[in-house]
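Participant: Quick one: sequence plus predicted model below, questions after.
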Amino acid sequence: MTDALVASSLSDAEYHALADAVLARIEATLDRWLQDDVIDIDTQRTGGLLELVFPDDSRIVVNTQPPLHELWMAARSGGYHYRHAQGRWVDTRDGREFFEALSTCASAQAGRPLVFTPA
């Protein structure tokens, strides 16, 4: 495990604020794409769980994990866990940044390039 993946030093309140910001960022991006007629990806949000439903009915699920201070993502390509470190959400296995991985998974499932950005 790299130094970037050492246990979170976030308070519960900090974790919730950061995790909620990620979900809100994803929703805002999808809303913009819908308005700009880029792609129609439906969303369903229940608390800390955000489900993205693609035109082919495939799904990506982003879920907060408050006890672990992690974000989890499930996509067609597999399941991924992210911890907040040095201002970014990074994969607990390979250190890949969350929005980069989300972009890769969403692009594969949409069959076209899609880019999510942290800000």
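Facilitator: Looks like it arrived, so ask away. In this text, all values refer to a predicted model and were calculated from it rather than measured experimentally.
Participant: For the chain, which segments count as helices?
Facilitator: 12-35, 98-110 (DSSP state H).
Participant: and these, which is most packed in?
Facilitator: helix 98-110 (a mean of 20; mean count of other Cβ atoms under 10 Å). For glycine as for every other residue, the C-beta is placed from the backbone atoms N, C-alpha and C.
Participant: Only alpha carbons, please: show it as CSV.
Facilitator: Presented in CSV, the C-alpha positions along helix 98-110 are these (Å, rounded to 0.1, in the frame of the first residue of the first chain):
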residue,chain,number,x,y,z
PHE,A,98,-11.7,8.3,-9.1
PHE,A,99,-12.9,10.7,-11.8
GLU,A,100,-10.3,9.2,-14.3
ALA,A,101,-11.6,5.7,-13.6
LEU,A,102,-15.2,6.9,-13.7
SER,A,103,-14.5,8.5,-17.1
THR,A,104,-12.9,5.2,-18.4
CYS,A,105,-15.8,3.0,-17.2
ALA,A,106,-18.5,5.4,-18.4
SER,A,107,-16.8,5.8,-21.8
ALA,A,108,-16.7,2.0,-22.2
GLN,A,109,-20.3,1.5,-21.2
ALA,A,110,-21.5,4.5,-23.4
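Participant: So for that helix, mean pLDDT?
Facilitator: Helix 98-110 carries an average pLDDT of 98.
Participant: next one: stretch 66-80
Facilitator: Stretch 66-80 comes out with an average pLDDT of 97.
Participant: Show the end-to-end separation of it, please.
Facilitator: With Cα to Cα, to the nearest Å as the measure, stretch 66-80 spans 15 Å from end to end.
Participant: what distance separates it from the middle of the whole chain?
Facilitator: The chain centroid and the centroid of stretch 66-80 are separated by 8 Å under Cα atoms, centre = their mean, to the nearest Å.
Participant: what's next to that stretch, contact-wise?
Facilitator: 8, 10, 12, 15-16, 19, 22, 48, 58-65, 81-84, 89, 91-93, 98, 101-102, 104-106, 108-109 (Cβ atoms under 8 Å, 6 or more residues apart in numbering).
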